[in-house]
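Chemist: one predicted model, sequence on top.
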Amino acid sequence: MAEIREDLSAAHARAWLRLAAPGAWLTGAEKTAIAAEARAALNCPACAQRKAALSPEQPIPAHIGPSDLDAAWVDVIHRIRTDADRLTPAWFARVVPSVLSVERYVETVGVIAEVTAVDSFMTAMGMPLWPLPEPLTGALTGIRPKAAKLAGAWVPTVAPEDVSADDPEPVQAMYRNRSAANIHRALSLLPEAVNGFFDLDDAMYLPDALLRKFEEEPRAITHAQIELLAARVSALNRCLY
């Protein structure tokens, strides 16, 4: 079995702590249920049928999943996990706000993104998936950046120049040592999701500060090899970014 870097295992452990804890708009129980559904989607016959269909709008049977989340929410989770490249503005308009508020939608996406990253790593390493954590109770943070606005994305986002010194620490931390690239802005309606996902990204990929320091090779493979793998995975996932 391959040896896993300590910082990488630690980042995965922090992701699991975040998954268990109450978030801004979702409880710990809801977040772990989302994670369970995201995993189940990979073996869901309804998802396989939709993925194979010419149009994602083709009627499908009910999803097979382990949670008691509302069926419409389960469909959102399964579609994001298995058929994300065919989501459309029209689909989003049917989902938000009738199924989920825009805040709960963004937090759902953030949970799926972190769980997918950790699960994909473990699968690639031929190791068992981490058991989902027991959810923790507590108050929701309810942090919504004051400067969030619609600016070219389906959901409100925050531009780095609009972050104020008066904003809570999670908001100010979003762009600390990070660029203003769209990948950093995408989840910025939920600062905890940005900070959490890029805590993983720093360990599983590279911190922003090292992206273009080609004279430094902090990983076992080179920058060029990392980018080749990233480009290939993006192509297989039909990722427009």
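Modeler: That came in fine, so what should we check first?

Chemist: all contacts plus neighbour counts: C-alpha atoms, from now on.
Modeler: Noted.

Chemist: how about the lengthiest helix in the chain: buried residues?
Modeler: Criterion DSSP state H: the longest helix present in the chain is helix 102-124. Using 16 or more other CA atoms under 10 Å as the test for burial, helix 102-124 gives 102-119.

Chemist: spatially nearest residue to the most centrally placed residue in the chain (excluding sequence neighbours)?
Modeler: With distances taken as CA atoms, centre = their mean, Ala113 lies nearest the centre of the chain, 2.0 Å away. What sits nearest to Ala113 in space, not counting adjacent residues and going by CA to CA, 6 or more residues apart in numbering, is Phe197, at 7.4 Å.

Chemist: do the same with Val171
Modeler: Closest to Val171 by CA to CA, 6+ apart is Pro191, at 5.3 Å.

Chemist: what about that neighbour, how many neighbours?
Modeler: Neighbourhood size, Pro191 [other CA atoms under 10 Å]: 25.

Chemist: could you do Gly142 as well?
Modeler: Quick note: Gly142 (other CA under 10 Å) scores 12 neighbours.

Chemist: from Arg104, how far off is it?
Modeler: Gly142 sits 10 Å away from Arg104, going by CA to CA, to the nearest Å.

Chemist: list the residues that contact both of these two?
Modeler: Trp25 (CA atoms under 8 Å, 6 or more residues apart in numbering).

Chemist: what comes into contact with the longest helix of the chain?
Modeler: For helix 102-124, using CA under 8 Å, 6+ apart, the contacting residues are 12, 15, 19, 24-26, 31, 34-35, 38, 77, 80-81, 96, 128-130, 155, 187, 189-190, 193-194, 196-197, 200.

Chemist: show me which of these are buried.
Modeler: 12, 15, 19, 24-26, 31, 34-35, 38, 77, 80-81, 96, 155, 187, 189-190, 193-194, 196-197, 200.

Chemist: any idea where the helices of this structure begin and end?
Modeler: Listed in chain order, the helices of the chain (DSSP H) span 6-20, 28-40, 45-52, 71-82, 89-95, 102-124, 169-173, 182-185, 191-204, 223-236.

Chemist: check which residues of the first one are buried.
Modeler: When burial is assessed from 16+ other CA under 10 Å, helix 6-20 yields the following buried residues: 8, 11-12, 15-20.

Chemist: what do you get for the fourth one?
Modeler: Using 16+ other CA under 10 Å as the test for burial, helix 71-82 gives 73-82.
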